[in-house]
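Engineer: What shape does this take:
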Amino acid sequence: MVYTASVSGPNPLEFSDPASVSESALASFHPLVFLYFMLSFYIVPYPLYQFVAKKYNWETNPKTMARHWSDTMLGFSYGVILFIFGNYTRAFSWITVVAFYPCLFGYALIAELPYTKTSLPNIKSWPKGMWVVFLIALGLILAFAGVHIYFATQLTMPFVVYYVCGLLIPGFFLTVAVLIIKEVNNNWIRTKYHTWRQSRATKSDSTIDESVTPNTVTKSEEQQDPSSPITIHNPYPGTLSLHIHHWQIFYVLAYFTRYKIFFFFF
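Structural biologist: Okay, here's the model as predicted:
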């Protein structure tokens, strides 16, 4: 096995050694491998993709220099987190790089098809071609997920348990996003809270009213209907919708493709 870097001699900063890092390690870091990682997956492909997209008139978002710089800072932020916790000190390989570029431009060509120019919020109006692409992509992702879970079972137990349970992390953030959307669009939390307060107030009033005869009920009390719907002021000026970007999906999946076991098949 050929590694992109090694640790020999004094190592006062205790950088991870690619040759000795376990595939089940939670985190690892080696600065030279990180440099190769960012060169391969951001520093080179980002301007390359912009150049090719402009040449062939592919759909891209217009960006100012400030926006390019902001995206670069975000790219390095996302990259360092992925590199450390995706264990890419160990997993980074020439196969990873060779597989990346055809996938990058292959996806761009698919995204330029007329029936794929849509997004997740418009799922109810997707054309048939988009559904075919989506189902094929979903099948491939599930197939690779099964292969990687099999690889996880080959490592020391209970690594596969931690590996599968790692999906709970993006699931948690997705759940929080859905709850935030529900709160902003429907004033959900405030309405639930005020409904709970009203129900408690109604129960406490009922205990007091037991000693009051029906003839003593006032007209204002007759107009109050505890079962009537509560309308709470919504302080949010707009509405939100869930739009999961493709890069976010594959960014999450990149944390789980951490095995050099796969490379022995080549």
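Engineer: can you give me the helices in the stretch 1-150 of the chain?
Structural biologist: 31-38, 45-55, 65-85, 88-91, 94-111, 128-153 (DSSP state H, counting those that start in this stretch).
Engineer: and the spatially closest residue to residue 145 that is not a sequence neighbour, how many residues sit next to it?
Structural biologist: Nearest non-adjacent residue to residue 145, counting by CB to CB, 6 or more residues apart in numbering: residue 256, 7.6 Å away. Just so you know, the C-beta spots here come from the backbone N, C-alpha and C atoms, and that holds for glycine as well. Using other CB atoms under 10 Å, residue 256 has 18 neighbouring residues.
Engineer: Domains in the chain, by residue range?
Structural biologist: 1-110, 113-203+232-266 (automatic domain parsing).
Engineer: rank the ones you listed by pLDDT, which is bottom?
Structural biologist: Lowest mean pLDDT within the domains of the chain: domain 113-203+232-266, a mean of 80.
Engineer: before we move on, the earlier item: what's the distance between the residue nearest to residue 145 and residue 94?
Structural biologist: Per CB to CB, to the nearest Å, residue 256 is found 20 Å from residue 94.
Engineer: repeat for residue 24
Structural biologist: 23 Å.
Engineer: Neighbour count for the two, which is higher?
Structural biologist: Using other CB under 10 Å as the criterion, residue 24 and residue 94 rank with residue 24 on top: 18 against 13.
Engineer: Pull the number of nearby residues for the closest residue in space to the more buried one that isn't next to it in sequence.
Structural biologist: Nearest non-adjacent residue to residue 24, counting by CB to CB, 6+ apart: residue 159, 4.4 Å away. The tally of other residues near residue 159 (other CB under 10 Å) stands at 16.
Engineer: Make 286 the first number, not 1, from now on.
Structural biologist: Sure thing, new numbering starts at 286, so read that last one as residue 444.
Engineer: if we can go back for a sec, ok, now which ones touch the residue nearest to residue 430?
Structural biologist: Listed by CB atoms under 8 Å, 6 or more residues apart in numbering, the contact set of residue 541 reads 430, 433, 448, 451.
Engineer: So what's the residue count around the residue nearest to the third one when sequence neighbours are not counted?
Structural biologist: If I follow you right, that is residue 448. The spatially closest residue to residue 448, leaving aside those adjacent along the chain, is residue 437, at 4.2 Å (CB to CB, 6+ apart). Burial of residue 437 is recorded as 22 neighbouring residues (other CB under 10 Å).
Engineer: Would you tell me what helix or strand residue 486 is located in?
Structural biologist: helix 473-494 (DSSP states H and E).
Engineer: and what of residue 535?
Structural biologist: In the assignment (DSSP H and E), residue 535 maps to helix 531-538.
Engineer: Quick one: distance of that helix to the chain centre.
Structural biologist: The gap between the average C-alpha position of helix 531-538 and the chain average comes to 6 Å, counting by CA atoms, centre = their mean, to the nearest Å.
Engineer: pretty sure the residue nearest to residue 309 contacts residue 450?
Structural biologist: No. Taking contacts as CB atoms under 8 Å, residue 444 lies outside contact range of residue 450: 10.7 Å.
Engineer: Count the residues that sit near residue 521.
Structural biologist: 12.
Engineer: can you check residue 357 too?
Structural biologist: Around residue 357 there are 13 other residues, counting by other CB under 10 Å.
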